[in-house]
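J.: Structure for the following, please:
(chains A and B)
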Amino acid sequence: MTVPLASEHPILQARASAEVSADVSFEQLYDLYKRPVYAWLALRVRPSDADDIAQDVWTIFYRRWQAWRFPEELVPEAKPVLSFLYRTCHLTLAGFRRMQERNRAEDVEQAGEMAAPIGSWQHDLEVRQCLAAAREACSPDELEILIGKLTGVSARTIARTLGVTESAVDHGYRRAIAKTRAMLSNPGAPP
Amino acid sequence: MNGLDVERTLNAAWQTFVDASQPNPDLVVTTVEARGDRITRPMLWAELEDVRLAFAELHAALDEESKAELPATTLWSVKDVVAHLASWATEFTRQIEMVAAHVPFDYLITFTPRVGPTEWNAREVDRRRAMSLDDRFRELDAATARIQELALSLSDDLLFTAAELPQTPDGRPESRWRTRLADLMLMKCWHDRYHLERVTQILDF
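T.: Okay, here's the model as predicted:
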């Protein structure tokens, strides 16, 4: 089960055939993926840090997008940009954490107060508890796998990003679900 | 809730979380206007980590010695290209560390435009002829990891102020490159990716 997102394929096609400029297509891709990118980060760091890291991620993508290599045939189901953004988020967040550790700054895990609980989000307690339980119960890699799968990132991309096999991604996902379920059944128990 | 219920609820939770997220509305405009000029330490670390992971994948894919002997350029095999990348990773590390220690460079690398530093490149690849493929990858990874550390540890003054480097387009000391170390780190990633792309095409993976 994954969250359906609009397809990036028409944007890639238009850019590959030079119907739109790099900047215009960048803006279209930004519109398509700005929320999942921000959500990936906001689940784990405080909002001001999520803003900074999101800017880093989009800047890296902007540079790469200027010289993006398109395959001869674009597969409609492929999501190379989503994959790129997922991997870049993961790496940039890792760099941010390394810097935090080096600076002995406050612990980002404690600081991330389930960012972006805005508006309608607050009304559904069960739904909110479920995501909070997942964050509490899962290891960083399991959480990475979980949010990747929930966003529709391929198991192959997740595996390459984390340096594991695709079957390890599937196991990690099942483990994340099981741990979340256990946490919901017995809140307060150690994960 | 059973496993399926949890999965369904997590999906709904994630969708709600994504829909409710409020990314900075000015970000797209500032990114385009800046033409991607922003450089931060996490960004440098991430770019370097990205090429390190790509090297690790390439290393794993070269599971047979014969693949490493395939021609990658008109002059070099895949194995030579790895030596070339290792030599530049070591050289970039040395340059960054010398700038950080305020040690002046007592050598030049003549970098002919569009051709590159042909003599220097050939000499450095030759110096690594006796090294195994694993050792070449090891040198490449260790130097890249060291640059990652420097990206996080150098002062802002060192990282983001232009420094004079040994590269020169015409062999004259007064023409030496002046560039920020942060830009040099990104240049290394660009150079690595340039060769990685060629090599992965040749190896067809």
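J.: Quick check: buried residues in stretch B:118-134?
T.: Residues B:Trp120, B:Asn121, B:Glu124, B:Val125, B:Arg128, B:Met131, B:Leu133 are the ones in stretch B:118-134 that count as buried (16 or more other CB atoms under 10 Å in any protein chain shown). C-beta here means a position set from N, CA and C on the backbone, and glycine is covered the same way.
J.: want to throw the residues you listed into a markdown table with secondary structure?
T.: What follows is the buried residues of stretch B:118-134, written out as a markdown table (DSSP: H, G, I helix; E, B strand; the rest coil):
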| residue | secondary structure |
| --- | --- |
| B:Trp120 | helix |
| B:Asn121 | helix |
| B:Glu124 | helix |
| B:Val125 | helix |
| B:Arg128 | coil |
| B:Met131 | coil |
| B:Leu133 | helix |
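J.: Closest to A:Asn186 out of the residues you listed?
T.: B:Leu133 (51.3 Å; CB to CB).
J.: does the closest residue to A:Leu91 other than its chain neighbours count as helix, strand or coil?
T.: Leaving aside its sequence neighbours, A:Leu91 sits nearest to B:Ala46 (CB to CB, 6 or more residues apart in numbering or on different chains; 3.7 Å). Secondary structure, three-state DSSP: B:Ala46 is helix.
J.: how about the buried residues of stretch B:118-134 in CSV, adding distance to B:Leu10?
T.: Compiled in CSV, the buried residues of stretch B:118-134 are given as follows (distance: CB to CB, whole Å):
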residue, distance to B:Leu10
B:Trp120, 55
B:Asn121, 52
B:Glu124, 52
B:Val125, 52
B:Arg128, 50
B:Met131, 49
B:Leu133, 44
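J.: Which pair in those has the greatest spatial separation?
T.: B:Trp120 and B:Leu133 (22.0 Å).
J.: Tell me the one of the buried residues of stretch B:118-134 nearest A:Leu74?
T.: Nearest member of the buried residues of stretch B:118-134 to A:Leu74, counting by CB to CB, is B:Leu133, at 34.9 Å.
J.: Could you check the pLDDT of the closest one?
T.: Among the per-residue scores, B:Leu133 shows a pLDDT of 96.
J.: residues of the helix ranked longest in chain A that come out buried?
T.: Longest helix in chain A, counting residues (DSSP state H): helix A:80-103. Under the neighbour-count criterion of 16+ other CB under 10 Å, helix A:80-103 has A:80-93, A:95-100 buried.
J.: Wait, B:Asp183 touches B:Ile39, no?
T.: Yes - contact criterion CB atoms under 8 Å: B:Asp183 and B:Ile39 qualify, at 7.3 Å.
J.: sorry, back to before: which strands and helices sit next to the longest helix of chain A?
T.: helix A:9-16, helix A:22-42, helix A:47-66, helix A:108-111, helix A:140-151, helix A:155-162, helix B:41-61, helix B:133-153 (3 or more CB pairs under 8 Å, 6 or more residues apart in numbering or on different chains; DSSP states H and E).
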